[in-house]
Structures are given as C-alpha cells and as structure tokens.
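K.L.:
sequence first, then the predicted structure:
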Amino acid sequence: MIERVAVIGAGTMGNGIAHSLAVGGFEVTLVDAAREGLARGVATIEANLQAGVQRGKLTADDARAARERITASTQSSAAAGAQLVIEAVPEDLGLKHTVLRELEEVCTADAVFATNTSALSITEIAAAIKSPSRVIGMHYFNPAHIMRLVEIVRGLETSQTAVDAAIDVATRSGKETVLVNEAPGFATSRINAMIGNEAFYMLQEGVASARDIDKALKLGLNHPMGPFEMIDLVGLDTRLKVLEYLHQSLGEKFRPCPLLVKYVKAGRLGRKVGRGVYEYPKEGASSNTSR
C-alpha cells in the first residue's frame, strides 16, 4: 500500500495536491527547483490549512498533523523514497520529459509516475523513460485541495498496477475518480476548453460583457463558476496552450479565439498576476472586468 508520495512542482496545482495528500494521511515530499517558489508553495499550504480550520473543515490538530507530514526540498533526489510521484510542472512536453528522466534515475523501479497534465498525451509523456508502463495521468482540478474529482487517464502502455495505485491514492485522500482512456483533452479539459473559448468569441463579438456571460452560465446553466472566472483561475496562458494542442489534434473547432491570444500577449494571465479578464487588487477587493 502506498504511503509515501512526492509532488514535483510547488505552484498552484502542486501545493494543492500536496495539501490534499497530507490531509489524507500520506507522507508527502514537495519538490521545486526554485527556492522562492517552494517557499511560496509551503506558505500557501499553511494558509489553506488554517483557512480549513476556520471554516470547520479541519481541527487544529488535524491541520498541524497534515503540515508535519509535508517535507519540502529543492532537490529531485528527495523523491527517491516515494512510491508514487506526481509531477505538476508547467504544460511543456520537454520539461515533463526532463522531470520524468530525473525521477527514473533516483526512484525505485516499482515507483509509479503520475502526470497532472490537463491535456497533453500521457503516451507521449511516458515515452521519455524506459518503462512507460509506470506512467499514468492524475488530472486534479484547481483548487486541488478542495475540488473532489481526479481524472485518472490511462496511456497506451499504462499498467493496471499504475491505474490501481492512482485510484487508491486519490480515493484515500478523499477524492472521487473517473477512468478515461487517453484522448486529446481527456473528458473535462476538452469540454471546458471549448466553453471558455466560445465565451471569448462571444466577448470579442460584443454579445455581452464578461461579467454578464459569467452570470448567465452560473444562474442559467447552474455552473458553479463562470467561464471567465474559471479561465482567470486556471491561467490564460495555460488555457491557450491547451487550446493550441487541441486545435492541432482535433481541428478547427478548437482554434483559439484571437482575443484570448491578445490577452496572453498583453500579459493578462489571470489571478496569478493580478490581471486577466478581470482585475484582482492585491488586497483582495472585488474585481472589475477588463473590458
């Protein structure tokens, strides 16, 4: 039974995944090559654990125990003892290949490698190492410590052992899972990317304001978050990369909206930089639409 998990990347997704695993009782090693990024990730986990206590989701003792189960390191070798390693680095195939090759060098031969990619090919990611059967997709959703779903994605050569391990770890950390055979965008990203892209086309055409489009989908279609609120949370650059991949793989219906491309070129990347479709003042005051 898996008890030790490493998470590579301490950014928005990585620290959320590490948080959920630690609360679930796993010993977690959080690795990020950038010391400042690692410190920010740990600080975010600590803040989110405290928020959980304030909301009554965790006791103070549970939050303290979860924090104590997390070890932070800037060295990939710190993942050597992990039975499952989840990479949560940016959506760049070359970077993911580099990470997997490093893990192959330091981890035991029976360790399972999971990728948190939201759209890239699991088979293509797995091709970087000698034993692609140990690679599986574990697609968490933002914020990973709150959202209940983990999409388990089987690549061409993914073993049943890897599938079972991923489902078991996700379930024991309080998540629900769906099993998907690899396809561009899997199930959720494919649909979500199309909704967000169409919302940008509507904004570009002047159909309605961003705020009213968001309000319409929340109140009319019962979506918990509007498409622009979602894209600001995920990151406009991340969404654009997903759309570019889907466009290449599935054709014209996924061509990125020119307005989305323009926002990315302008540096409006979402909440992480304080400006996306909406503005996000540092003090956390209410946001304003950008157009």
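P.N.:
That came through, no problem.
K.L.:
nearest residue to residue 147 other than its sequence neighbours?
P.N.:
The shortest distance from residue 147 to any non-neighbouring residue, by C-beta to C-beta, 6 or more residues apart in numbering, is to residue 141 (3.9 Å). Every residue, glycine included, has its C-beta placed from N, CA and C.
K.L.:
from residue 114, how far out is that neighbour?
P.N.:
15 Å (C-beta to C-beta, to the nearest Å).
K.L.:
with residue 177 instead?
P.N.:
Separation of residue 177 from residue 114 (C-beta to C-beta): 12 Å.
K.L.:
cool, and residue 230?
P.N.:
Residue 230 is 23 Å from residue 114, by C-beta to C-beta.
K.L.:
quick one: which of the two has more around it?
P.N.:
residue 114 (30 against 21; other C-beta atoms under 10 Å).
K.L.:
what is the burial count for residue 47?
P.N.:
Counted with other C-beta under 10 Å, residues neighbouring residue 47 total 11.
K.L.:
stretch 121-133: how far from the chain's middle?
P.N.:
Stretch 121-133 has its C-alpha centroid displaced from the chain centroid by 19 Å (C-alpha atoms, centre = their mean, to the nearest Å).
K.L.:
model confidence over that stretch, on average?
P.N.:
Averaged across stretch 121-133, pLDDT comes to 96.
K.L.:
which residues of this structure fall in strands?
P.N.:
Applying DSSP state E to the chain gives strands spanning 4-8, 27-31, 70-73, 84-87, 112-115, 135-140, 149-154, 176-181.
K.L.:
so which of those gets nearest residue 215?
P.N.:
Residue 215 sits nearest to strand 149-154 of all those, at 24.4 Å, using C-beta to C-beta.
K.L.:
that closest one pairs with which strands, and in what direction?
P.N.:
With DSSP bridges as the test, strand 149-154 is paired with strand 135-140 (antiparallel), strand 176-181 (parallel).
K.L.:
just those: most buried one?
P.N.:
Mean neighbour count, computed with mean count of other C-beta atoms under 10 Å, is highest for strand 135-140 among these, reaching a mean of 26.
K.L.:
please work out which residues outside that strand touch it.
P.N.:
Around strand 135-140, the neighbours that count as contacts under C-beta atoms under 8 Å, 6 or more residues apart in numbering are 13, 16-17, 20, 86, 88, 100, 112-118, 122, 125-126, 129, 147, 150-155, 157-158, 162-163, 165-166, 169-170, 180, 182, 186, 188-189.
K.L.:
just the buried residues of stretch 98-115, please?
P.N.:
Buried residues in stretch 98-115, counted by 16 or more other C-beta atoms under 10 Å: 99-100, 102-104, 106-107, 111-115.
K.L.:
now the residues you listed as TSV including distance to residue 215 and pLDDT?
P.N.:
Below are the buried residues of stretch 98-115 laid out as TSV (distance: C-beta to C-beta, whole Å; pLDDT from 0 to 100):
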residue	distance to residue 215	pLDDT
99	40	96
100	42	97
102	46	96
103	44	96
104	48	96
106	49	96
107	47	97
111	46	97
112	42	98
113	41	98
114	36	98
115	35	97
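K.L.:
quick check: the farthest pair among those?
P.N.:
Spatial extent of those (C-beta to C-beta) is set by the pair 106 and 115 at 17.0 Å.
K.L.:
between the strands paired with strand 149-154, which gets nearest to residue 46?
P.N.:
Nearest of the strands paired with strand 149-154 to residue 46, taken as C-beta to C-beta: strand 135-140 at 19.5 Å.
K.L.:
quick one: the buried residues of stretch 98-115 as CSV, columns for distance to residue 243 too.
P.N.:
Shown next, in CSV, are the buried residues of stretch 98-115 (distance: C-beta to C-beta, whole Å):
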residue, distance to residue 243
99, 23
100, 25
102, 29
103, 29
104, 31
106, 34
107, 33
111, 33
112, 30
113, 26
114, 24
115, 19
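K.L.:
out of these, the closest to residue 53 would be?
P.N.:
Using C-beta to C-beta, residue 114 comes nearest to residue 53 of these, at 28.7 Å.
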